[in-house]
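**Q** sequence-free structure coming up:
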């Protein structure tokens, strides 16, 4: 679950089944009572209809928690982690980072670092489109060592420079104004 809408859908489905929850967080639900196999299957089925998935094996749960930590860290907080990403994730998960990294790579086919870079570039694209911050400010906000480092990663991932990407957005806006 990565949005408030997803959390609301899960709450609604739990209420329909008469299940009481302690916490519904991004990618995580803690239910008060023991859930029967019938209730679990009903929940799984109704979540699937909404495009959501109930994860119940340990590896999938770990992967989703890692993804949620990264998404929250990049997209929803402005706080700079006081340690590097690997230590931050390891600390949040209470697992050795090497163990988490191996499982993540095995299941997702990419490294945790690649996943982080993909999300940082998506956030950079969003910030470039809004146009409120310059590249230097964006690189600082996304914890890059320099604007050049951000530009290099941006080009590797998108094939475009940040400046060219922003110009494309401006051209699209100008074309819309012509209609």
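**A** Noted; the coordinates are in hand. Treat the numbers as computed from the prediction; the structure is a model and nothing was measured.
**Q** Residue 101: what secondary structure?
**A** helix (DSSP: H, G, I helix; E, B strand; the rest coil).
**Q** What of residue 30?
**A** strand.
**Q** Figure out the helix or strand that the most centrally placed residue in the chain lives in.
**A** In the chain, the centroid-proximal residue (C-alpha atoms, centre = their mean) is residue 71; its distance is 2.6 Å. With elements taken from DSSP states H and E, the one containing residue 71 is helix 58-71.
**Q** what comes up buried for that helix?
**A** 62, 63, 64, 65, 66, 67, 68, 69, 70, 71 (16 or more other C-beta atoms under 10 Å). Every C-beta, even on glycine, is put in place using the N, C-alpha and C of the backbone.
**Q** With distance to residue 150 as extra columns, can I get the residues you listed in CSV?
**A** CSV is the format used below for the buried residues of helix 58-71 (distance: C-beta to C-beta, whole Å):
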residue, distance to residue 150
62, 29
63, 27
64, 28
65, 27
66, 23
67, 22
68, 24
69, 22
70, 17
71, 19
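**Q** For the protein, give me the ranges with low pLDDT.
**A** Per-residue confidence for the chain (pLDDT under 70) gives these ranges: 1-3, 26-27, 55-56, 79-82, 170-179.
**Q** Could you break it into its assigned domains?
**A** Using automatic domain parsing, the domain parsing of the chain gives 1-54, 115-177.
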